[in-house]
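J.: sequence plus predicted model, see below.
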Amino acid sequence: MTSAATHVTGNKPFLQRLFSRREPNMSNNHLQETPRSGQASSTLKSLFSFRAESPVPHSPKHQPFRIFVATWNVGGIPPHNSLNLDEFLQVEDQPEADMYVLGFQEIVPLNAGNVLVVEDHEPAAKWLALINQSLNKSSVADSSLTTPSTSFTSADTLVRSVTPSRSHSSLFFPKTSLKRYSKIFRTEEKRKLKTCNCSSDSLRRSGRDSCFRCQQAHSNEEDEYSSEEEDDGSTVITDMSNVVQGAASSNVKYGLIVSKQMVGIFVTIWAKKELVQYIGHMRTSCISRGILGCLGNKGCISVSFSFHQTSFCFICSHLASGEKEGDELRRNSDVIEILRSTQFRNVCRPSHHKKVPERILDHDRVIWFGDLNYRIALSYADTKKLLEENAWDTLLGNDQLKIEREAGRVYKGWKEGKIFFAPTYKYSYNSDMYAGETISSKNKRRTPAWCDRILWHGNGIRQSSYIRGESRFSDHRPVCAKFLVDVGVVENGGASNRRSSSACNMKVGAEELLLPSTKNLV
């Protein structure tokens with residue numbers, strides 16, 4: 001006991017200095033006592049739990065962000081050189097969007113080769129180049145790397161440069177990965193996008209096991225989302241900044257966050273480069289609902305991520321087609337199965353942090369868009385007559401999606417903006433006439449319908465516009481929506497995290513100094 005007392009007494013000046021700066025009124029007698037083994041443990045716990053308590057984290061405040069969402073069934077037609085996406089993306093509108101969420105259907109023909117053999121990523125690469133060209137047009141104009149005159153040719157050059165030099169006549173040669181194409185459109189800020197962006201204090205409070213799981217998940221997820229940058233370098237271009245306008249330039253406005261393809265379904269999300277650092281927990285999930293209920297010619301791609309303190313889920317889908325009576329039930333079944341089966345893998349679960357959502361409806365904000373394929377429950381003749389009379393209310397009253405939603409059979413609790421535009425399907429190619437007006441055969445005729453839709457689920461979402469585009473590129477017209485979405489933002493979060501981290505480190509360091517003394521008291 002004498003040696004132990006001497007040890008504690010020897011530490012007395014240090015302990016007094018350590019606490020006197022923070023607790024000037026602390027009694028010196030409290031430290032002069034030579035505690036017994038049981039008393040020492042309780043005394044130290046009370047001291048350090050009081051002195052090293054982490055500050056209470058700031059509660060998030062909601063800030064509005066503008067999100068542009070669009071869906072377009074492009075009919076299996078690859079984009080051509082003269083296609084301009086400025087009007088489709090509404091790039092001239094003010095205020096500009098903070099994030100673009102774009103979904104395409106049938107970016108490749110839905111033939112056996114694309115469905116059963118291998119996906120063709122070249123059309124997706126061209127779409128990415130066109131999107132980049134429109135979103136970063138002002139940045140490109142200011143860039144010294146290229147001139148605005150080198151417009152769409154960069155998309156074709158991109159595909160030729162990245163694609164291996166092999167015969168295109170064979171379906172069995174491996175084709176270039178979409179990851180390699182996507183790499184070109186990443187900004188430097190993409191490196192800040194993390195699978196897990198939980199605050200450091202949350203991870204420390206959750207214990208070493210949670211930290212390990214989080215880091216391990218981050219490592220695994222990087223194989224999926226960051227491996228673009230470690231792809232086979234044999235065909236990677238040395239300097240792509242001269243191929244795609246300003247894509248690698250540091251002054252681009254928007255950067256590619258994620259792109260994913262499943263046969264003909266393609267989703268791509270772009271964000272202002274200064275917002276990338278606040279995006280994390282990025283995950284995707286694909287559900288096939290095509291031929292035999294298991295092939296990818298129909299189905300969905302879902303994207304989940306956190307933005308600041310708010311979780312988002314975007315679902316781009318292509319549901320079962322057909323306008324026969326009862327086909328709407330197959331579409332209902334697709335929606336139900338997508339909601340039931342979609343699950344995002346768990347990337348981290350700190351015990352004192354909000355759980356990362358794994359199901360679609362677990363997210364704070366959810367937006368579903370795509371070719372939902374719901375038709376108008378009227379004959380072709382009746383529908384055409386009502387269209388000529390501009391009887392929109394009557395037509396919408398017979399819209400299958402509206403009927404099924406109001407009956408509670410599908411999308412219960414979801415919302416859709418008021419439709420003030422004409423049916424988006426089916427048009428004759430490069431024409432403003434519906435297909436039935438030019439085809440005499442009833443077998444090929446399609447009743448006009450609002451197949452292309454955008455819905456949302458959750459609070460804090462306000463739709464400011466819901467329109468269709470007028471491009472004649474395919475037999476569908478694109479549909480676009482703008483949303484003002486509330487996002488939880490922690491003010492001074494960085495300073496709070498640093499203070500919490502400092503307090504946590506102080507607690508650990510002080511305990512390490514004192515624990516040997518308590519051991520000697522046993």
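T.: Here it is on my side, so go on. Here the structure is a predicted model, which means the values were calculated and not measured.
J.: mean confidence (pLDDT) on stretch 394-411, please.
T.: Stretch 394-411 shows a mean pLDDT of 98.
J.: mind listing residues that contact that stretch?
T.: When contacts are defined by C-beta atoms under 8 Å, 6 or more residues apart in numbering, stretch 394-411 is touched by residues 328, 331-332, 335-336, 368, 372, 374-378, 383, 386-387, 412, 414, 416, 419, 423, 449-450, 453, 455. The C-beta positions use only the backbone N, C-alpha and C, and glycine is treated the same way.
J.: could you rerun that using 7 Å?
T.: Applying C-beta atoms under 7 Å, 6 or more residues apart in numbering, the external contacts of stretch 394-411 come out as 328, 332, 335, 372, 374-378, 383, 386, 414, 419, 450, 453, 455.
J.: domain assignment for the protein?
T.: 2-57+492-520, 61-489 (automatic domain parsing).
J.: mean pLDDT lowest for which of those domains?
T.: domain 2-57+492-520 (a mean of 46).
J.: select from the contacts of stretch 394-411 every entry located in strands.
T.: R453, L455 (DSSP state E).
J.: just flag the most distant two among the contacts of stretch 394-411.
T.: Longest distance between any two of the contacts of stretch 394-411 is 26.7 Å, between V335 and L386; criterion C-beta to C-beta.
J.: who has more neighbours, those two?
T.: It is V335, of V335 and L386, that has more neighbours when counted by other C-beta atoms under 10 Å, with 23 against 18.
J.: of the contacts of stretch 394-411, closest to R477?
T.: W450 (10.1 Å).
J.: identify the residue nearest that closest one in space, chain neighbours excluded?
T.: P423 (5.2 Å; C-beta to C-beta, 6 or more residues apart in numbering).
J.: how about the strands in this protein?
T.: In the chain, the strands defined using DSSP E lie at 61-73, 99-105, 254-262, 265-272, 279-288, 299-307, 310-318, 365-371, 452-457, 461-468, 479-489.
J.: now those as CSV including distance to S82?
T.: Putting those into CSV (distance: least, C-beta to C-beta, whole Å) gives the following:
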stretch, distance to S82
strand 61-73, 17
strand 99-105, 18
strand 254-262, 23
strand 265-272, 21
strand 279-288, 32
strand 299-307, 28
strand 310-318, 26
strand 365-371, 24
strand 452-457, 23
strand 461-468, 21
strand 479-489, 21
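J.: looking at those, which is nearest to D120?
T.: Nearest to D120, of all the strands of the chain, is strand 254-262, at 9.1 Å by C-beta to C-beta.
J.: and the angle for that closest one with strand 265-272?
T.: 170 degrees (axes from the mean of the first three to the mean of the last three C-alpha atoms, to 10 degrees).
J.: which neighbours does strand 254-262 have in its sheet, and in what orientation?
T.: With DSSP bridges as the test, strand 254-262 is paired with strand 265-272 (antiparallel).
J.: got the CA positions of the strand it pairs with in PDB?
T.: Extracted C-alpha coordinates of strand 265-272, given in PDB (Å, rounded to 0.1, in the frame of the first residue of the first chain):
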ATOM      1  CA  ILE A 265     -32.300   1.000 -68.100                       C
ATOM      2  CA  PHE A 266     -29.800   3.700 -67.300                       C
ATOM      3  CA  VAL A 267     -29.600   6.100 -64.400                       C
ATOM      4  CA  THR A 268     -27.100   8.900 -63.900                       C
ATOM      5  CA  ILE A 269     -26.800  11.500 -61.200                       C
ATOM      6  CA  TRP A 270     -24.800  14.700 -61.300                       C
ATOM      7  CA  ALA A 271     -24.300  17.300 -58.600                       C
ATOM      8  CA  LYS A 272     -22.600  20.600 -58.200                       C
END
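J.: now that strand: buried residues?
T.: By neighbour count with 16 or more other C-beta atoms under 10 Å, strand 265-272 contains the buried residues I265, F266, V267, T268, I269, W270, A271, K272.
J.: is it true that the second one touches V108?
T.: No. Shown here, F266 and V108 do not form a contact pair, counting by C-beta atoms under 7 Å, at 8.8 Å.
J.: and the contacts of stretch 394-411, which of them are in helices?
T.: Mapping those onto helices (DSSP state H) picks out E328, N332, V335, T383, L386.
J.: identify, from these, the entry nearest to L484.
T.: Relative to L484, the closest of the ones in helices among the contacts of stretch 394-411 is V335; by C-beta to C-beta it sits at 25.8 Å.
J.: for R472, state which of the buried residues of strand 265-272 is nearest.
T.: R472 lies nearest to F266 out of these, by C-beta to C-beta, at 20.5 Å.
J.: relative to R66, how far out is the closest one?
T.: With the distance defined as C-beta to C-beta, to the nearest Å, F266 ends up 23 Å from R66.
J.: tell me who's in contact with the nearest residue to H476 once chain neighbours are set aside.
T.: Leaving aside its chain neighbours, H476 sits nearest to N73 (4.0 Å; criterion: C-beta to C-beta, 6+ apart). N73 makes contacts with Q105, E106, D371, D452, S474, H476, as judged by C-beta under 7 Å, 6+ apart.
J.: was I right to think the fifth one contacts V74?
T.: Translated: S474. Yes. At 4.7 Å, S474 counts as touching V74 under the criterion of C-beta under 7 Å.
J.: for stretch 68-77, output the C-alpha coordinates as CSV.
T.: C-alpha atoms of stretch 68-77 as CSV (Å, rounded to 0.1, in the frame of the first residue of the first chain):
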residue,chain,number,x,y,z
PHE,A,68,-34.1,18.2,-61.3
VAL,A,69,-35.5,14.7,-62.2
ALA,A,70,-36.2,13.5,-65.7
THR,A,71,-37.2,10.3,-67.4
TRP,A,72,-37.0,9.4,-71.1
ASN,A,73,-37.6,6.2,-73.0
VAL,A,74,-35.3,6.7,-76.0
GLY,A,75,-36.6,3.7,-78.0
GLY,A,76,-33.3,1.9,-78.4
ILE,A,77,-31.9,4.7,-80.6
